[in-house]
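Enquirer: Make a model of this:
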Amino acid sequence: MAMAVPAQTIAGYDRFPWDAILLQTNSALMNNTDPNVWASQIISTLRSTAVTLPSVDLAHRLVSHLFWNHHSPIAWKLLDIAASLNLLPPLLLVALLSTRIVPMRKVYPQAYRLYLELVKQYVLMLQFRNNSPNYEMIMESIDNVLQLSQVYSHKVCEPGVALVEFVFSILWQLLEAILDDEGLLDHVPENKPRWLSRSHDMDIAEHDCINEMKTEQKEGMQRKNTMIAIEIIVQLLQNKMTSRLLCLVHRNMPSYWGSFNHQMQLIASKSSILKNLKHITADTLLSLMENIHGVVSCNTKSKLESNVVIPAGSQIAFGGQCEGSSWSSIWLPIDLILEDALDGGHVAALSAIEIITGMNV
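Expert: Just a heads-up that it's a prediction; the model follows:
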């Protein structure tokens, strides 16, 4: 639930509440403060402002502050509790981290592992909410962070479309990371990967932590991360909710889906790590790709034909070929597409981040 309260000014903080929040965060990092105590402090600070929760600004400022100058295991715990308490938008957090963590995954393999856990927690277990007062602002921020409108050639950021493209882009980024890690990018027709380019804040020296790990440990963790990334791709293709979103990409953005499909074929035919997995095979990937087109199919069609009142809100093109600005004239609200998929999913009581942040990151 979003909340906002009248703004106040506090002497000594020219940019309150952000300076105060960063000071509280630095203190939590230095003192290894319980994340719940830190979250209570942040909530108390924000209650004296007009900041609406979940806060887009809070997500941007925390991620910018923590990566990489204040990177530590406790930093991940703070981000996780902030997302779980809806202090910041979880999907925006994933988008922000994707631009920082994935390009640096070989330098910070432990951080990449924790990022993958967040993808499983917040993208795979997608909690769709479009009734927040700042929902459009959140999706616009995700669009800006990942440059979705630019990548997919849109003139206007439509929130529902941005959600579909966000899920697809996170999936595609993981796929390109796998190709890169296995030395397969030379087989990609494009001159360079779409999602692995370094941003300006990635041009940093390698952290000493890379030298603190033995070569065998580092290589082992990198292989394990690639295995987990493959597993997440399979889960996103299988998941009832995300597969429906991906079906829309397949139907309405065929050239992008075609490039993605080509890269999936490369993984299926040439990935050495995939060949060593016991529970996932090349046939598994190919079968999921073949089936993705029919995921939405009959249920959605029957709802449209049964005089369902379509509420106003985020909309997704659902018929015909509609890449770029030539969207279909047939529109379907995103909440209607996902309605059947929202079947009482729950969040685990103990976060995976809480379990594995004992690793040195």
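Enquirer: Before we move on, what's the pLDDT of A341?
Expert: Residue-level confidence at A341 comes out at 49, pLDDT.
Enquirer: likewise L124?
Expert: Model confidence at L124, given as pLDDT, is 85.
Enquirer: Likewise for S314?
Expert: Note on S314: pLDDT of 44.
Enquirer: just D34 next, same as before
Expert: D34 carries a pLDDT value of 97.
Enquirer: Quick one: neighbours of it, just the number.
Expert: 13 (other CB atoms under 10 Å). For the C-beta atoms, the positions are set from N, CA and C on the backbone; glycine is no exception.
Enquirer: swap in I230?
Expert: As a burial measure, the neighbour count of I230 was computed by other CB under 10 Å and equals 21.
Enquirer: For the closest residue to M221 other than its chain neighbours, which residues are in contact?
Expert: Spatial nearest neighbour of M221, chain neighbours left out: P109 (4.4 Å); criterion: CB to CB, 6 or more residues apart in numbering. Contact partners of P109, counting by CB atoms under 8 Å, 6 or more residues apart in numbering, are M213, K218, M221, Q222, N225.
Enquirer: can you tell me the helix or strand for V37?
Expert: In this assignment (DSSP states H and E), V37 forms part of helix 35-46.
Enquirer: Extract the CA atoms of that helix and return them as PDB.
Expert: Listed in PDB are the C-alpha atoms of helix 35-46, where the atom choice follows Å, rounded to 0.1, in the frame of the first residue of the first chain:
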ATOM      1  CA  PRO A  35      18.100  -5.200   8.600                       C
ATOM      2  CA  ASN A  36      14.700  -4.900  10.400                       C
ATOM      3  CA  VAL A  37      16.100  -2.300  12.700                       C
ATOM      4  CA  TRP A  38      17.500  -0.400   9.700                       C
ATOM      5  CA  ALA A  39      14.200  -0.700   7.900                       C
ATOM      6  CA  SER A  40      12.400   0.800  10.900                       C
ATOM      7  CA  GLN A  41      14.700   3.700  10.900                       C
ATOM      8  CA  ILE A  42      14.200   4.300   7.200                       C
ATOM      9  CA  ILE A  43      10.400   4.100   7.600                       C
ATOM     10  CA  SER A  44      10.600   6.600  10.400                       C
ATOM     11  CA  THR A  45      12.600   9.000   8.300                       C
ATOM     12  CA  LEU A  46      10.400   8.700   5.300                       C
END
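Enquirer: ok, and what's touching that helix?
Expert: Judged by CB under 8 Å, 6+ apart, the contacts made with helix 35-46 from elsewhere in the structure are 17, 20-21, 24-25, 28, 53, 55, 58, 74, 77-78, 80-82, 85, 87.
Enquirer: Do a quick rundown of the helices in the stretch 51-200 of the chain.
Expert: According to DSSP state H, counting those that start in this stretch, the stretch 51-200 of the chain carries its helices in the segments 56-66, 73-84, 90-101, 109-119, 135-146, 148-151, 159-181.
Enquirer: could the ones you listed go into a markdown table alongside distance to P35 and mean pLDDT?
Expert: Written out in a markdown table, the entries for the helices of the stretch 51-200 of the chain read as follows (distance: least, CB to CB, whole Å; pLDDT from 0 to 100):
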| stretch | distance to P35 | mean pLDDT |
| --- | --- | --- |
| helix 56-66 | 12 | 97 |
| helix 73-84 | 4 | 96 |
| helix 90-101 | 14 | 96 |
| helix 109-119 | 14 | 96 |
| helix 135-146 | 22 | 94 |
| helix 148-151 | 31 | 92 |
| helix 159-181 | 24 | 94 |
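Enquirer: can I get these in JSON lines with distance to S272?
Expert: As requested, the helices of the stretch 51-200 of the chain are exported to JSON lines (distance: least, CB to CB, whole Å):
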{"stretch": "helix 56-66", "distance to S272": "33"}
{"stretch": "helix 73-84", "distance to S272": "30"}
{"stretch": "helix 90-101", "distance to S272": "24"}
{"stretch": "helix 109-119", "distance to S272": "18"}
{"stretch": "helix 135-146", "distance to S272": "30"}
{"stretch": "helix 148-151", "distance to S272": "30"}
{"stretch": "helix 159-181", "distance to S272": "10"}
